[in-house]
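**Q** make a model of this:
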Amino acid sequence: MTTTLSATAADAAPRALRVDQVPNVGITVGPNGISGGFAANVAATATSTGTTRLGLQPIAGACTGSLRQARVGVTWRNERTNRTDDAVFPVCAAGKPGPGVEAVTGTGRISFTTTIIGRTDQAFTVIPGTGFFFR
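**A** Predicted structure coming up:
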């Protein structure tokens, strides 16, 4: 007996993608000046045909401290089709990295830039995250 998987079944299994990047780096500011810093990498997961879940993976402890209320802005571009889009979503949820957002990226090389957006201007990006992955 031979079992074959359809393309739909194979596409249904989420698959982590390798992301080549410069992480997003910044500082947080409190009432007495600089209160901390952060670094965060983009995580990309192929979820279905042409759709990618984009999320942010901050350094340990950032979701319970400096980035607990921050958002991230991601701008991406499919270099094969030249399609671009952006999304803003919470960095963290319940003290852990948030689930991110589903983006219809298509296939090919996807380049991106990320910026941390602090609530009440308490988190500042010093180095925007930049990089790419292949989808």
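**Q** surely Thr105 touches Thr51?
**A** Yes: assessed by Cβ atoms under 8 Å, Thr105 is found in contact with Thr51 at 7.1 Å. In short, each C-beta sits where N, CA and C put it, glycine included.
**Q** and these two? Which one has more around it.
**A** Looking at Thr105 and Thr51 with other Cβ atoms under 10 Å, you find the greater number of neighbours at Thr105, namely 22 against 15.
**Q** got a list of what that one touches?
**A** By Cβ atoms under 8 Å, 6 or more residues apart in numbering, the contact set of Thr105 is 50-52, 76, 78, 83, 135.
**Q** got JSON lines for those, with pLDDT and secondary structure too?
**A** Below are the contacts of Thr105 laid out as JSON lines (pLDDT from 0 to 100; DSSP: H, G, I helix; E, B strand; the rest coil):
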{"residue": "Gly50", "pLDDT": "91", "secondary structure": "coil"}
{"residue": "Thr51", "pLDDT": "95", "secondary structure": "strand"}
{"residue": "Thr52", "pLDDT": "96", "secondary structure": "strand"}
{"residue": "Trp76", "pLDDT": "97", "secondary structure": "strand"}
{"residue": "Asn78", "pLDDT": "98", "secondary structure": "strand"}
{"residue": "Arg83", "pLDDT": "96", "secondary structure": "coil"}
{"residue": "Arg135", "pLDDT": "90", "secondary structure": "coil"}
